[in-house]
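Undergrad: Fold the following.
(2 chains)
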Amino acid sequence: MTVAVGMSGGVDSTVTAWLLARQGHEVIGLTMQIWDGSVSLPDEGRSGCYGPGEARDLAFARDAAQRLGIRHITVPLAEAYNRCVLDPFRAAYRAGRTPNPCVVCNQRMKFGLLLDEARRQGIAFDRFATGHYTRTEFDAAHNVQRLLRGVDAAKDQSYFLARLTQEQLRQVWFPLGGMVKAEVVRLAHEAGFSDVAAREESQDFIESESYAPLFDASDNRPGPIVDTAGRALGQHRGIVHYTVGQRQGMGIATGGRRYVQALRPETNTVVMGTREEVFRPGCQVEDVSWIRGTPPPAGTTCRVLLRYHHPGVQAHLEPLTDRAWQVDFAEPQFAVAPGQAAVFYDGEEVLGGGWILPNAGQA
RNA sequence: GCGCUUAUCGUCUAUCGGCUAGGACAUAGGGUUUUCAUCCCUAGAAGCGGGGUUCGACUCCCCGUAGGCGCG
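TA: Presented below is the predicted three-dimensional model:
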């Protein structure tokens, strides 16, 4: 079979390609090119998906492909990345939300346009594999692909893939889903890629300490920081620099810890509260996408993750409209941030995910 | 104008005649991390000015200065 492998140049994707080649597949490395220099980011040697260091990562991917003896294709997608990831990212922050660009990038770019564009260029392949720590399993009885957590609980990346469709999942392989990171590193050594394994890897979003370079001067519009009773606490640097639950960088010194409780774009206000004041009993999510293609029955109980690495909480789901759902938590949760992906799990299985809405009732 | 009271790290404050002046928040650095946060660790950072009592004062007394409260 011919398998395209999304290669970043890091150890996970390199081992993925090596494993598939060793199994006798014809492997083609694909690497997205998304950096077009349109944002001013100095090349500080730091690693990330978006930034001038992309040239270095591309070279690493090419080098790995060459050593594996496989073809490697660079797919230019900067324009699409701007349109599909960066623009909505900026719009979300300006609307007082906290977007998750990785979820969008997987859904639209890596498992979408990357494959479309490669095929448009005449590259033919039967499957697409990545080094994500997650698993798929075909459910013959229902004729659907299931998406499961990675075996390595610490590395599980299923959260980021919760919005993939059946069409996408049917052509995808995740060879690392059943492994733990240590095994992958061991395989890298075995495969002769000790240098890659030793390399500092980072899959940050952008090559910058903060997102500030993605925004304009007009986004740095100061406004009031108030407490939950409306009392003034200070000034913020522009609403795009904050997220619900944030504590650091606020410059607000009171007796105890204070967290961002809400962002109010309509008044350009940041509201802060005590930790207790930032808990929520539930939330509403929109544009929910279900892995199996069909929603679960109303009243379903499942586990929901409100952000990557969230321990998760039992929740009760009720449909509001065809794509929006009410999610009631078994216990109030801290810092439910509008814009983040709420991902639903039934045990090891990913049911789907949607975007957390601002809680209308709490404004 | 009179009386009372307060005056410590950037902020809010703790203690005691022996202090290498403690904590929290904030800040900085680090850890964790394919989003944003959270969280954890570490660090720097203070006794309003002047005089006096005392072996010794941040702590007691006086004056000044500044803030608060009450009475004008």
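Undergrad: and the residue of chain A nearest RNA strand B?
TA: Nearest residue of chain A to RNA strand B, counting by CB to the nearest atom of the strand: A:Gln203, 2.4 Å away. Every C-beta, even on glycine, is put in place using the N, C-alpha and C of the backbone.
Undergrad: My understanding was that that residue contacts A:Gly9; is that so?
TA: No - assessed by CB atoms under 8 Å, A:Gln203 is found out of contact with A:Gly9, at 10.8 Å.
Undergrad: neighbour count winner among those two?
TA: A:Gly9 (23 against 12; other CB atoms under 10 Å).
Undergrad: For the more buried one, give its distance to A:Asp87.
TA: 26 Å (CB to CB, to the nearest Å).
Undergrad: try A:Val184
TA: 34 Å.
Undergrad: just A:Val343 next, same as before
TA: Relative to A:Asp87, and taking CB to CB, A:Val343 is found at 23 Å.
Undergrad: These two - which one has more neighbours?
TA: A:Val343 (29 against 11).
Undergrad: Can you list the strands that the one helix or strand the more buried one maps to pairs with?
TA: Taking DSSP states H and E as the definition, A:Val343 sits inside strand A:341-346. With DSSP bridges as the test, strand A:341-346 is paired with strand A:301-305 (antiparallel), strand A:349-356 (antiparallel).
Undergrad: and these, which is most packed in?
TA: Ranked by mean neighbour count under mean count of other CB atoms under 10 Å, the strands paired with strand A:341-346 are led by strand A:349-356, which reaches a mean of 24.
Undergrad: That one and RNA strand B, any residue contact?
TA: No - using CB under 7 Å from any atom of the strand, strand A:349-356 stays clear of RNA strand B, with a minimum separation of 10.3 Å.
Undergrad: got it, and stretch A:12-27?
TA: No - judged by CB under 7 Å from any atom of the strand, stretch A:12-27 and RNA strand B are separated, with a smallest distance of 8.1 Å.
Undergrad: So which bits of that stretch are buried?
TA: A:12-21, A:25, A:27 (16 or more other CB atoms under 10 Å).
Undergrad: residues contacting the one residue sitting closest to the centre of chain A?
TA: Centroid-nearest residue in chain A: A:Cys102, 2.7 Å away (criterion: CA atoms, centre = their mean). When contacts are counted by CB atoms under 8 Å, 6 or more residues apart in numbering, A:Cys102 touches A:160, A:205, A:308.
Undergrad: same thing with A:Phe125?
TA: A:2-4, A:28, A:118-119.
Undergrad: Reformat those as JSON lines; add pLDDT and secondary structure.
TA: Below are the contacts of A:Phe125 laid out as JSON lines (pLDDT from 0 to 100; DSSP: H, G, I helix; E, B strand; the rest coil):
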{"residue": "A:Thr2", "pLDDT": "97", "secondary structure": "strand"}
{"residue": "A:Val3", "pLDDT": "98", "secondary structure": "strand"}
{"residue": "A:Ala4", "pLDDT": "97", "secondary structure": "strand"}
{"residue": "A:Ile28", "pLDDT": "97", "secondary structure": "strand"}
{"residue": "A:Ala118", "pLDDT": "97", "secondary structure": "helix"}
{"residue": "A:Arg119", "pLDDT": "96", "secondary structure": "helix"}
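Undergrad: what's the burial count for A:Arg71?
TA: A:Arg71: 15 neighbours (other CB under 10 Å).
Undergrad: For the helix or strand bottoming out on mean pLDDT in chain A, which residues meet the burial criterion?
TA: Ranked by mean pLDDT, DSSP states H and E, the weakest helix or strand in chain A is strand A:232-236, scoring a mean of 88. Using 16+ other CB under 10 Å as the test for burial, strand A:232-236 gives A:233, A:236.
Undergrad: Point out where the stretch 101-250 of chain A drops to low pLDDT.
TA: A:201-202 (pLDDT under 70).
Undergrad: A:Pro224 belongs to a helix?
TA: No - judged by DSSP: H, G, I helix; E, B strand; the rest coil, A:Pro224 forms no part of a helix; its state is strand.
Undergrad: Give the bridge partners for the closest residue to it other than its chain neighbours, please.
TA: Nearest-residue entry for A:Pro224: A:Thr269, 5.4 Å, with adjacent residues in sequence omitted and distances by CB to CB, 6 or more residues apart in numbering. Under DSSP bridges, the beta-bridge partners of A:Thr269 are A:Arg264.
Undergrad: so A:Thr269 makes contact with A:Asp227?
TA: No - using CB under 8 Å, A:Thr269 makes no contact with A:Asp227, being 11.1 Å away.
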